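Engineer: Sequence and predicted structure, then a few things I'm wondering about:
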Amino acid sequence: MIPVVALVGRPNVGKSTLFNRLTRTRDALVADYPGLTRDRKYGRAHLSGYEFIVVDTGGIDGTEEGIETKMAEQSLAAIEEADVVLFMTDARAGLTAADLAIAQHLRSRDKVTFVVANKVDGIDGDSACAEFWQLGLGEVYQMAASQGRGVTSLVEYALAPFAEAMGITPGEEGEEETHEREYTEEEAEAEQARLAALPIKLAIIGKPNVGKSTLTNRILGEERVVVYDQPGTTRDSVYIPMERDGRSYVLIDTAGVRRRARVHEVIEKFSVIKTLKAVEDANVVLLVVDAHEGIAEQDLGLLGFVLNSGRALVIAVNKWDGLDQDVKDRVKTELDRRLGFIDFARIHFISALHGTGVGHLFESVEEAYDSATRRVSTSLLTRIMQMAQDDHQPPMVNGRRVKLKYAHVGGYNPPIVVVHGNQVSRLPDSYKRYMMNYYRRSLKVVGTPIQLRFHEGA
Ligand code: GDP
Ligand code: GDP
């Protein structure tokens, strides 16, 4: 399971500066989709081989009133869900009453906490940090987030307990994913057969009230919904194994079908962090949106995260029942306008309440999974690359033509194609996009993004 790191501290200590630094490279993908802005609160980070979710909890200073109290509640909830807390303070401003109040809260929660004294650039860090020992949370880590100083070493230290589970050897230079493989036709087929027997992990996500529970119940069949209360269900998704049309699935239920057990009880059933973890753990994400409400900022926020994770995606527009034709037309136009930039995902119009269209969802889920995990031989990938190059030559760079030589698999879910050649670092984005679309069409890839990587030389 991917770890969650929460950035906590009073306003102005440098949380968003650190957040941006940690998430910027990962969000590069979102930058490729002009319809999406990045979430300023939840991000995905990749540093020294560690992948983790970062949450900027916003400022809390212990004196909140009104709307601020509400925000503070969210921050406190994020702390509860985090695996690691980076408690940020301002080394220049020195220790404040608000820092002490936050520290007291963190101590009472017994959270794995690292005290960060930020903004040590240009000052004597050691003497500025001495007083932060009074927070009673142990060692004080010096950082200059805006300069990137102390960031990597702290992350490596704080996440070391997760290293083994993530297959990282601490101290070694973090490498990009190493699924790079050369497949012969036979190996690709054998691997394909093995995969077909594995369950598809399908996460059903969406903002509150779009109909996730109704859909989950519909999929499982009412009679199979076991009514029981499981501790920790507000924090964690429930994993439900199921079969459908001869294929095994594990449904990752972020809504909690059991909440019907005690309808009168107010259960905080929606949690962004829980949703993001489910996305990370899934093969395919089913994003549910509400036809009555159209596309909201929160939908786009979740979508951005799904795109960055590289997971396969199917979109369900729910509550399609009882709508007048002109409303339906309007919704479709809006979807085109706001989601048109995701050209790879299938969109279904369904009614979870009546069951309309639910069966067809699974056809697209299966198609997306198969596209995302399909093993392709080196020879086929190279052949497609060659055809693309023959149809449309790469441009000249410094009087020499960029030459593509061969291609092989670099990973799957999302599928990654590694292309080797000369001067490939000079390829313009437009050509890379052309190649990507060429692969998409040739391999009939639907429901998943494709990533291309370029390596210099043979
Ligand atoms: P937040 O309110 O905790 O999210 O704080 P911000 O990230 O917005 O930072 C508040 C201010 O501190 C901004 O003007 C930043 O440029 C500045 N800042 C953040 N990190 C550093 C740092 O390491 N050194 C210095 N000198 N300033 C920093
Ligand atoms: P969740 O918060 O995403 O799990 O949403 P719920 O499944 O609890 O549904 C929220 C509300 O929308 C409930 O009142 C449902 O009865 C209603 N709802 C769910 N699916 C549909 C649908 O397909 N059509 C209509 N008209 N209402 C629906």
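Structural biologist: Perfect, thanks for sending it. Ligands and ions are numbered 1, 2, ... in the order given.

Engineer: Would you mind naming what in the stretch 151-300 of the chain lies close to ligand 2?
Structural biologist: When proximity is defined as Cβ under 6 Å from any ligand atom, the stretch 151-300 of the chain approaches ligand 2 at 206, 208-214, 255. Any C-beta I mention is one placed from the backbone N, CA and C, and that applies to glycine too.

Engineer: Which members of these are the farthest-apart pair?
Structural biologist: Pro208 and Thr214 (12.4 Å; Cβ to Cβ).

Engineer: Among those two, which residue is more densely surrounded?
Structural biologist: Thr214 (19 against 12; other Cβ atoms under 10 Å).

Engineer: Spit out the contact partners of the more buried one.
Structural biologist: Residues in contact with Thr214 (Cβ atoms under 8 Å, 6 or more residues apart in numbering) are 318, 352-353.

Engineer: ranges for the helices of this protein?
Structural biologist: 15-23, 28-31, 67-81, 97-109, 125-129, 151-159, 185-196, 212-220, 272-281, 297-309, 325-339, 358-373, 378-391, 429-443 (DSSP state H).

Engineer: And the ones you listed: which comes nearest ligand 1?
Structural biologist: helix 15-23 (3.4 Å; Cβ to the nearest ligand atom).

Engineer: Let me see the backbone angles for Gly9.
Structural biologist: phi 160, psi 170 (degrees, to the nearest 10).

Engineer: which residue packs closest to it, ignoring adjacent ones?
Structural biologist: Of all residues not flanking Gly9 in the chain, Met88 sits nearest, at 3.6 Å (Cβ to Cβ, 6 or more residues apart in numbering).

Engineer: cool, and Glu131?
Structural biologist: Leu95 is the one closest to Glu131 (Cβ to Cβ, 6+ apart), at 4.8 Å.

Engineer: my guess is that neighbour contacts Phe132, does it?
Structural biologist: Yes. Applying Cβ atoms under 8 Å as the test, Leu95 and Phe132 come out as touching, 6.0 Å apart.

Engineer: who's more crowded, the two?
Structural biologist: Neighbour count, other Cβ under 10 Å: between Leu95 and Phe132, Phe132 has more, with 23 against 19.

Engineer: quick one: contacts for Ile315?
Structural biologist: 286-287, 289, 339, 342, 345-348.

Engineer: Let me have those residues in TSV, adding pLDDT and neighbour count as columns.
Structural biologist: As requested, the contacts of Ile315 are exported to TSV (pLDDT from 0 to 100; neighbours: other Cβ atoms under 10 Å):
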residue	pLDDT	neighbour count
Leu286	98	27
Leu287	97	24
Val289	96	28
Leu339	86	21
Ile342	86	18
Ala345	95	21
Arg346	96	17
Ile347	95	16
His348	96	19
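
Engineer: Would you convert the residues you listed into JSON lines that also reports distance to ligand 1?
Structural biologist: Output for the contacts of Ile315, formatted as JSON lines (distance: Cβ to the nearest ligand atom, whole Å):
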{"residue": "Leu286", "distance to ligand 1": "33"}
{"residue": "Leu287", "distance to ligand 1": "29"}
{"residue": "Val289", "distance to ligand 1": "30"}
{"residue": "Leu339", "distance to ligand 1": "30"}
{"residue": "Ile342", "distance to ligand 1": "30"}
{"residue": "Ala345", "distance to ligand 1": "33"}
{"residue": "Arg346", "distance to ligand 1": "38"}
{"residue": "Ile347", "distance to ligand 1": "36"}
{"residue": "His348", "distance to ligand 1": "39"}
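
Engineer: that older thread, buried ones only from the residues of the stretch 151-300 of the chain next to ligand 2, please, as a ChimeraX command.
Structural biologist: Burial among these is assessed by 16 or more other Cβ atoms under 10 Å; the matching ChimeraX selection reads:
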select :206,210,211,212,213,214,255
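
Engineer: could the residues of the stretch 151-300 of the chain next to ligand 2 go into a markdown table alongside distance to ligand 1 and pLDDT?
Structural biologist: Shown next, in a markdown table, are these (distance: Cβ to the nearest ligand atom, whole Å; pLDDT from 0 to 100):
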| residue | distance to ligand 1 | pLDDT |
| --- | --- | --- |
| Gly206 | 28 | 95 |
| Pro208 | 26 | 88 |
| Asn209 | 30 | 90 |
| Val210 | 30 | 93 |
| Gly211 | 35 | 92 |
| Lys212 | 32 | 92 |
| Ser213 | 35 | 88 |
| Thr214 | 38 | 90 |
| Ala255 | 31 | 82 |
